[in-house]
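[1] only geometry, no sequence info:
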Ligand code: NAD
């Protein structure tokens, strides 16, 4: 038996066994054998985005007689923040952009931090400003908000200011936060249709969940936002054609959350150092488990690896959404420079 006939019979089996029509061409045997989701390669997509930006960077360089310029403010000694900032610096430099890093000690005050932001706000040599989160707890609970309120909206390449959030909400020109913007780019470049899709976003933070929902809505998806108080979370999640997990809980999204054939985007970045938890999460990934045994910790997403048996496509952690976030930071900075050029 070959081709279409085999596929049809398998699809019939799929309907019978799973009660759900197959949407994934490779997922014709739900309940009969394990499926294997396509793994979306965030690193490769982010590279494509940076290649696409090269010409625009060179046009800015011609027009402004300097490359697009990003300023990064890093306060304190948070090790993860230092790693993130190092990656951003490297990507910006590799992309031919100029990047200035301003560090402040962990005991810097909020006023000192705002003064640095103000200096970059008024510098014609700076196109984009990023203040790395989190700020030291000693600065107070509303420190991040005060910083986002202070960044010039024309330079707000992280898209976290209330003006940027308003622009996004009203679908006006502005900067969308990099992680959700990167996810849209990833879906588009992977040929995944958004219009008309049922999208479920788990997480309602200002930097991921809410802007993600807004961007999906602007692309004509039918969007549901879930959170820590959502009743029957697996049931709601199972309605999704596109499921975005932005929770911050290692492996919370299991197979039971995923409709067969759904596309699953894993935003979570969770460091696991408990051996039992690591073994449970990485049972199907011996190389990563080996890494855990050597290092004593491992980075995992919000999505359990067993989701690969049900989803049609899945982003890995690491190497999925993370690289896209940085690529979109570059894209936003280039756009900020282009706006300066055309002003
Ligand atoms: P957050 O803590 O601000 O928000 C988490 C959201 O998840 C909240 O809205 C909360 O209601 C919801 N939530 C918490 N527990 C839940 C539960 N048990 N069931 C359902 N919902 C629950 O976090 P955030 O800043 O939005 O980040 C989320 C995750 O994404 C984190 O792991 C973070 O590290 C990661 N992240 C990754 C990138 C990247 O570039 N890959 C960027 C930003 C954030």
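    Perfect, thanks for sending it. These figures come from a predicted structure and were not determined experimentally.

[2] In the stretch 1-150 of the chain, mark out all the strands, start to finish.
    In the stretch 1-150 of the chain, the strands defined using DSSP state E, counting those that start in this stretch lie at 38-39, 69-75, 98-104, 128-131.

[3] Pull the residues that contact the shortest one.
    Strand 38-39 has contacts (Cβ atoms under 8 Å, 6 or more residues apart in numbering) with 26, 308, 312, 313, 314, 315, 316. Heads up, the C-betas are built off the backbone N, CA and C, glycines and all.

[4] so how far is the ligand from residue 248?
    Applying Cβ to the nearest ligand atom, to the nearest Å, the value for residue 248 to the ligand is 3 Å.

[5] residue contacts, that residue?
    Here residue 248 is in contact with 203, 268, 269, 270, 302 (criterion: Cβ under 8 Å, 6+ apart).

[6] Check residue 285 too.
    residue 305.

[7] Equivalent analysis for residue 135, please.
    By Cβ under 8 Å, 6+ apart, the neighbours of residue 135 are 75, 76, 110, 113, 143, 144, 147.

[8] just curious, which of those residues is nearest to the ligand?
    For those, the residue nearest the ligand by Cβ to the nearest ligand atom is residue 144; the value is 10.9 Å.

[9] The closest one: neighbour count?
    Residues lying near residue 144 (other Cβ atoms under 10 Å) number 18.

[10] For the chain, which residues score under the pLDDT cut-off?
    Scanning the chain for pLDDT under 70 picks out the ranges 1-35.

[11] Please list the residues of it that sit near the ligand.
    Residues of the chain found near the ligand (Cβ under 6 Å from any ligand atom) are 179, 202-205, 207-209, 226-228, 230, 233, 246-249, 252, 267-270, 321-322, 325.

[12] again, only using 5 Å
    179, 203-205, 208, 227-228, 246-248, 267-269, 321-322, 325 (Cβ under 5 Å from any ligand atom).

[13] Now which of the residues you listed would you call buried?
    The neighbour count (16 or more other Cβ atoms under 10 Å) marks 179, 203-205, 208, 246-247, 267-269, 321-322, 325 as buried among these.
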